[in-house]
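Engineer: Any chance you could fold what I've pasted below:
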Amino acid sequence: MRPDQRVRQACARWGEAAVVRGCADLLRPGQVVEGQLLDLVMVLGELTDRDFLKTGKPPGHAYWARVWGARALLYAWTDEAAPTVVAALRDEQWRVREMAAKVVVVRELAEGADALADRLGDPVPRVRIAAAHALAAVGESEHGAALRTLRDDPEPRVAAAGLTALRVLSRRLDRVLD
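Structural biologist: Below is the predicted model:
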């Protein structure tokens, strides 16, 4: 089943507001995934093994609950989730940071722009690319300088994403930023 279908299934079972609250809870650092949160993760991750997040293969898969919680917010939303999405841009796990940047784009969370600018220096290229894409969608002119720094990124895909983001941001703001 596709992620959007799993989110619809969860919303049909618990209601959209409850699913969004659960996803926001999952994004909170140190959140213990048990009870109803574990039930939600089982649906969002299409899991059959309730111990996967604890033991996994290899061990240490607890961060996937945060990834799936963030991804679900692409398909179910209330504005109360915005602060946790912005905070997730600083998560210790790169997949969570990348997914949070994608949610910022879809939900047009301008309040995440400064955190996204910080992510342009992320050690993981996929996070830098997602941050550049998101800044193009929600950034302001002051973020142009941060995007320009990607021109010299050693990863060609990141440099290309930075240039594209700068062009998109320039067009969106109707200003020359490069």
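
Engineer: Now tell me which helix or strand of this structure has the poorest mean pLDDT.
Structural biologist: None of the helices or strands of the chain scores lower by mean pLDDT, DSSP states H and E than helix 35-44, at a mean of 91.

Engineer: Just the buried positions in it, please.
Structural biologist: L37, D39, L40, V41, M42, V43, L44 (16 or more other CB atoms under 10 Å). Using the backbone N, CA and C atoms, a C-beta is placed for each residue, glycine as well.

Engineer: ditto for stretch 101-120
Structural biologist: 101-105, 107, 109, 112-117, 119-120.

Engineer: Give me the contact list for that stretch.
Structural biologist: 70-71, 73-74, 77, 82-83, 85-86, 89-90, 97, 100, 127-128, 130-135, 137-140, 143, 146-147, 149-150, 162 (CB atoms under 8 Å, 6 or more residues apart in numbering).

Engineer: cutoff 6 Å now
Structural biologist: With contact meaning CB atoms under 6 Å, 6 or more residues apart in numbering, stretch 101-120 is reached by 70, 73-74, 82, 85-86, 89, 127-128, 130-131, 134-135, 137-139, 143, 146.

Engineer: State the distance from the residue nearest the centre of the chain to W14.
Structural biologist: Averaging the C-alpha coordinates of the chain gives a centre point, and the residue nearest to it by CA atoms, centre = their mean is A100 (1.3 Å). Distance, A100 to W14, by CB to CB, to the nearest Å: 22 Å.

Engineer: and if you look at A72?
Structural biologist: A72 is 12 Å from W14, by CB to CB.

Engineer: More neighbours: which of the two?
Structural biologist: A72 (29 against 17; other CB atoms under 10 Å).

Engineer: Help me confirm that the more buried one comes into contact with R6.
Structural biologist: No. Using CB atoms under 6 Å, A72 is not in contact with R6, being 7.8 Å away.

Engineer: joint contacts of these two?
Structural biologist: Counting by CB under 6 Å, 6+ apart, the residues touching both A72 and R6 are L44.

Engineer: Starting from D79, give me the distance back to V33.
Structural biologist: Taking CB to CB, one finds V33 at 24 Å from D79.

Engineer: Please say which of these two ends up with more neighbours.
Structural biologist: V33 (21 against 9).

Engineer: Give me the contacts around the longest helix anywhere in the chain.
Structural biologist: In the chain, taking DSSP state H as the definition, the longest helix is helix 156-173. Outside helix 156-173, the residues that touch it by CB under 6 Å, 6+ apart are 125, 128-129, 132, 135-136, 139, 141, 147, 150-151, 153, 177-178.
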